[in-house]
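In: let's see this in three dimensions:
(2 chains)
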Amino acid sequence: MAASANSVIGNPIVGLAKSSPSSSAFLGARIHLRGERSGRSASASPSSALAVSCAMSGNIAAVEAEKNGKPGLGPRPDSFGRFGRFGGKYVPETLMYALFELEEAFRALSKDEDFQKELDGILRDYVGRESPLYFAERLTEHYRRSNGEGPHIYLKREDLNHTGAHKINNAVAQALLAKRLGKKRIIAETGAGQHGVATATVCARFGLECIVYMGAQDMERQALNVFRMRLLGAEVRGVHSGTATLKDATSEAIRDWVTNVETTHYILGSVAGPHPYPMLVREFHAVIGKETRKQALEKWGGKPDVLVACVGGGSNAMGLFHEFVDDTDVRLVGVEAAGFGLDSGKHAATLTKGEVGVLHGAMSYLLQDDDGQIIEPHSISAGLDYPGVGPEHSYLKDIGRAEYFSVTDEQALEGFFTVGSIAFKRLSRLEGIIPALETSHALAYLEELCPTLPDGAKVVLNCSGRGDKDVHTAIKHLQL
Amino acid sequence: MVVASKASLSLLPLRSSSGISFSCRPSSTSISWGRSCTPMASLSVASAPAISEIFSRLKEKNKVAFIPFITAGDPDLSTTSKALKVLDSSGSDLIELGIPYSDPLADGPVIQAAATRALAKGTNFDGVISMLREVVPELSCPIALFTYYNPILKRGIDKFMSIIKDVGVRGLVVPDVPLEETENLRKEAVRHKIELVLLTTPTTPTERMKGIVQASQGFVYLVSSVGVTGARTSVSSRVQSLLQEIKEATTKPVAVGFGISKPEHVKQVAGWGADGVIVGSAIVKLLGEAKSPEEGLKELESFTRSLKAALP
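Out: Model prediction:
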């Protein structure tokens, strides 16, 4: 066990660490978890006691490689938190220990049956899982071609979760994790407000202090969610610096964490940020894909052919995709926001128009100018209005495993290809489901996608959220 | 580059720029390289001394380095250029110059605001480099750039290093690149003879701190508190024990920064054994909030002198 501590090449920390059976070579101390039983303590098993940067890494790499089964894909992430060249931990030194602590806690709890049982219980009885896989009969009919052929459209109903979006899956799990870490103060960033509401919700449920950072601009366009957060007992702090949107709220949340790291847990809302967040958030949303596999088998005895999801930071997409990444016969399609159009300079299509750089702790595609300054993105939907994207999506795009497209504000709101109907309106009128504007981007892409699909192709679209929060925006833009 | 030779006389050229400067007060034990007089004119040489060189010279005289930080472009690049000269002549031993960035994670409201103002004024990297190209030859103390990683990546690490080397920058501080990710940066920095300074903080475990101090060049940057930049009313007493711990692990010089804003703080930190004291937000605020650039520069001079006077 000790030997492996020194065996990782190229890691300067490991090279200096003294091997010590009972302590972590990384920091000479062991993480104490609340409610930990002595038999299950983090340092009891050799694989978890050592520094994350050494023995753990070997272990995780082995586990991931095994899980993947495909040598080509590599561990996702590897021991340094990288997905290929993306990911990593580009944060001020002050946060490094907290990130290590978080990762250790996560790995320990993933093997902790009590924790898993507690989490499953909350997902079932409080969040309302499992969410249905719904056959969208009229939407399917809408895409049926004149010869009677066409794909079958299913909606994974994350909009039916408590709080109305997928965000709660991650919030609930991280709140439980925070409690285990003994942290009583929670901070979060939010764009559309859904993650903020989910965080405020779980903090109320678990009795934690909650502070949510939200761009001042976003607060205006998602006023309903601001009210909900406050009603749930959270303090919503408006961020006026920079562009006063999600990226600035995220920067401010990170600054708060740097300052209060010893008492505070940061519930990051997407698969972005420094390692271990992209992995953590993905794992907590992976239930979406896991349920989908089971439900697909039940409903049609097979797998989906195409998975479609909107991509802002990438959490709902990763949650749906992850289960199927190794099933290469399943197409993964992500849809970003093209705002006023890809050539307008006012969009949030990071994977299409971005360049690789570092934002909020991760190496990933991002929207930046010639000087390396981060650009203010634009999308009618606050939740997609982020100039970065989760590093795993950047990786999946680079290796060609997933495809990413984008849809304009107009297309999301007003159908471009179908005369007289609108994606947002379309789902409302055809299925009686009012989708979130973010989700509407994925729905709008069906216009492009469905004509190309063979007869009977099974499409599962992640209906990531409900659109009640967007009615004011819709009223402004639509003549109803 | 000037070769330092202790045995030689006062006719040796001091630092950079356009002529020969004389040491006015050679001490009995060693030549005074220090700030006892303003160089009248100096030889045109490549650049100021290396940062580690500055520290070793100061150490010989039991002096503590005064290291101010300002944001380039706030209120404007021309004022920054003048401010660098004022800081130099008012007793700075090393100057940190911040490149303004859109998402400065490690910075508090004062430096954030300075960055926003500078960017709004159109400050960009090329502008800062042109400014430095003009002013560095006139400075006697070295410059270290303080920048976030993305602007470096944008240009390419190799290219970035050669550009800054070219204008005489001697050091670099990148607050959002932790030790694990510094390999490429360090390689290129060494290649271009730029000293890459690494940061250690109160939350850094001892073993990790040892790795950091071993890899850091120029000096070790000890962040005084758990938080972002910004003046505090007092300096955490943790700094004293942290300094001791670091000094047990390395003989490299250690400078303390974040939160230090008054002569009392400076004196206290020096008393605890720091080899250098860094003052940022207090100076940035002064320059940024002054009624006019000229006012700001005047206040800068007297403030800098008062801070410097608090140091041995």
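
In: longest strand of chain A?
Out: When chain A is parsed with DSSP state E, its longest strand is strand A:331-339.

In: next SSE downstream of it?
Out: Downstream of strand A:331-339, the next assigned helix or strand under DSSP states H and E is helix A:350-353.

In: and that next one, which residues are buried?
Out: Buried residues in helix A:350-353, defined by neighbour count with 16 or more other C-beta atoms under 10 Å in any protein chain shown: A:350-351, A:353. To be clear about C-beta, it is placed using only N, CA and C from the backbone, and glycine gets the same treatment.

In: adding pLDDT and distance to B:I194, write those out as CSV.
Out: As requested, the buried residues of helix A:350-353 are exported to CSV (pLDDT from 0 to 100; distance: C-beta to C-beta, whole Å):
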residue, pLDDT, distance to B:I194
A:T350, 96, 31
A:L351, 96, 34
A:K353, 94, 33
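
In: closest to chain B out of those?
Out: Among the buried residues of helix A:350-353, A:T350 lies closest to chain B (C-beta to the nearest C-beta), at 14.0 Å.

In: next up, the contacts around the closest one.
Out: Going by C-beta atoms under 8 Å, 6 or more residues apart in numbering or on different chains, A:T350 touches A:336, A:364-367, A:377, A:386-389.

In: where's the nearest residue to it once chain neighbours are set aside relative to chain B, distance?
Out: Residue nearest to A:T350 in three dimensions, not counting chain neighbours: A:V389, with 4.4 Å by C-beta to C-beta, 6 or more residues apart in numbering or on different chains. According to C-beta to the nearest C-beta, to the nearest Å, A:V389 stands 15 Å off from chain B.

In: repeat that for A:M279.
Out: Distance from A:M279 to chain B, by C-beta to the nearest C-beta: 16 Å.

In: wait, that residue sits on A:G81?
Out: Yes: counting by C-beta atoms under 8 Å, A:M279 does reach A:G81; the two are 7.2 Å apart.

In: which among the contacts of A:T350 count as buried?
Out: Applying 16+ other C-beta under 10 Å to these flags A:336, A:364-367, A:377, A:386-389 as buried.

In: just give the closest residue to B:V284, not the sequence neighbours.
Out: B:V284 sits nearest to B:A114 (C-beta to C-beta, 6+ apart), 4.9 Å away.

In: tell me which element that neighbour falls in.
Out: helix B:109-120.

In: immediately after that helix, which helix or strand?
Out: Next element after helix B:109-120 (DSSP H and E): helix B:125-135.

In: and the residue in the stretch 301-450 of chain A that chain B sits nearest to, its phi and psi?
Out: Minimum separation of the stretch 301-450 of chain A from chain B (C-beta to the nearest C-beta) falls at A:G372, amounting to 3.2 Å. When read as degrees, to the nearest 10, the backbone of A:G372 gives phi 80, psi 10.

In: likewise for A:Y266?
Out: The phi/psi pair for A:Y266 (degrees, to the nearest 10) reads phi -100, psi 110.

In: contacts only, for it.
Out: A:Y266 neighbours (C-beta under 8 Å, 6+ apart): A:186-188, A:253-254, A:256-257.

In: could I get the average pLDDT for the longest helix along chain B?
Out: Assignment by DSSP state H gives helix B:293-309 as the longest helix of chain B. Averaging pLDDT along helix B:293-309 yields 96.

In: in the stretch 1-150 of chain A, where is pLDDT below threshold?
Out: For the stretch 1-150 of chain A, applying pLDDT under 70 flags the ranges A:1-73.

In: where along it do the strands fall?
Out: Ranges of strands within the stretch 1-150 of chain A are A:82-83, A:86-87, A:133-135, based on DSSP state E, counting those that start in this stretch.

In: so what strands line up beside the first one?
Out: What it means is strand A:82-83. The strands beside strand A:82-83 in its sheet (DSSP bridges) come out as strand A:86-87 (antiparallel).

In: now do the partner strand: distance to the chain's middle.
Out: Chain-centre distance of strand A:86-87: 15 Å, with C-alpha atoms, centre = their mean, to the nearest Å.

In: who touches it?
Out: Under C-beta under 8 Å, 6+ apart, the answer for strand A:86-87 is A:77, A:80-81, A:275, A:278, A:356, A:362-364, A:391-392, A:394-395, A:398.

In: one more pass at 10 Å, please.
Out: A:76-78, A:80-81, A:272-279, A:356, A:361-365, A:389-398 (C-beta atoms under 10 Å, 6 or more residues apart in numbering or on different chains).

In: okay, the closest residue to A:Y365 other than its chain neighbours: pLDDT?
Out: Excluding the flanking residues, the one nearest A:Y365 by C-beta to C-beta, 6+ apart is A:G354, at 3.8 Å. Model confidence at A:G354, expressed as pLDDT, equals 95.

In: swap in the one 4 residues further on?
Out: A:V358 carries a pLDDT value of 97.

In: sorry, back to before: any chance of the buried residues of helix A:350-353 in JSON lines, with distance to B:L311 too?
Out: Formatted as JSON lines, the buried residues of helix A:350-353 follow (distance: C-beta to C-beta, whole Å):
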{"residue": "A:T350", "distance to B:L311": "48"}
{"residue": "A:L351", "distance to B:L311": "52"}
{"residue": "A:K353", "distance to B:L311": "51"}
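
In: in chain B, where is pLDDT below threshold?
Out: For chain B, the ranges with pLDDT under 70 are B:1-47.

In: can I get the longest helix of chain B in PDB? Just the C-alpha atoms.
Out: The C-alpha coordinates for helix B:293-309 follow below in PDB (Å, rounded to 0.1, in the frame of the first residue of the first chain):
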ATOM      1  CA  PRO B 293      -4.100  60.400 -11.600                       C
ATOM      2  CA  GLU B 294      -1.700  63.100 -10.400                       C
ATOM      3  CA  GLU B 295      -3.300  63.100  -6.900                       C
ATOM      4  CA  GLY B 296      -3.100  59.400  -6.900                       C
ATOM      5  CA  LEU B 297       0.600  59.300  -7.800                       C
ATOM      6  CA  LYS B 298       1.400  61.800  -5.100                       C
ATOM      7  CA  GLU B 299      -0.600  59.800  -2.500                       C
ATOM      8  CA  LEU B 300       1.100  56.700  -3.800                       C
ATOM      9  CA  GLU B 301       4.500  58.100  -3.100                       C
ATOM     10  CA  SER B 302       3.800  59.100   0.500                       C
ATOM     11  CA  PHE B 303       1.900  55.800   1.200                       C
ATOM     12  CA  THR B 304       4.700  53.700  -0.200                       C
ATOM     13  CA  ARG B 305       7.300  55.600   1.800                       C
ATOM     14  CA  SER B 306       5.400  55.100   5.000                       C
ATOM     15  CA  LEU B 307       5.100  51.400   4.400                       C
ATOM     16  CA  LYS B 308       8.700  51.000   3.500                       C
ATOM     17  CA  ALA B 309       9.700  53.000   6.600                       C
END
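
In: give me the contacts around it.
Out: B:35, B:64, B:66, B:68, B:70, B:74-76, B:78-80, B:82-83, B:85-93, B:260-263, B:265-267, B:277, B:279, B:282-283, B:286-292.

In: among those residues, name the buried ones.
Out: For the contacts of helix B:293-309, buried by 16+ other C-beta under 10 Å: B:35, B:64, B:66, B:68, B:70, B:74-76, B:79-80, B:82-83, B:86-93, B:260-263, B:265-267, B:277, B:279, B:282-283, B:286-288, B:290.
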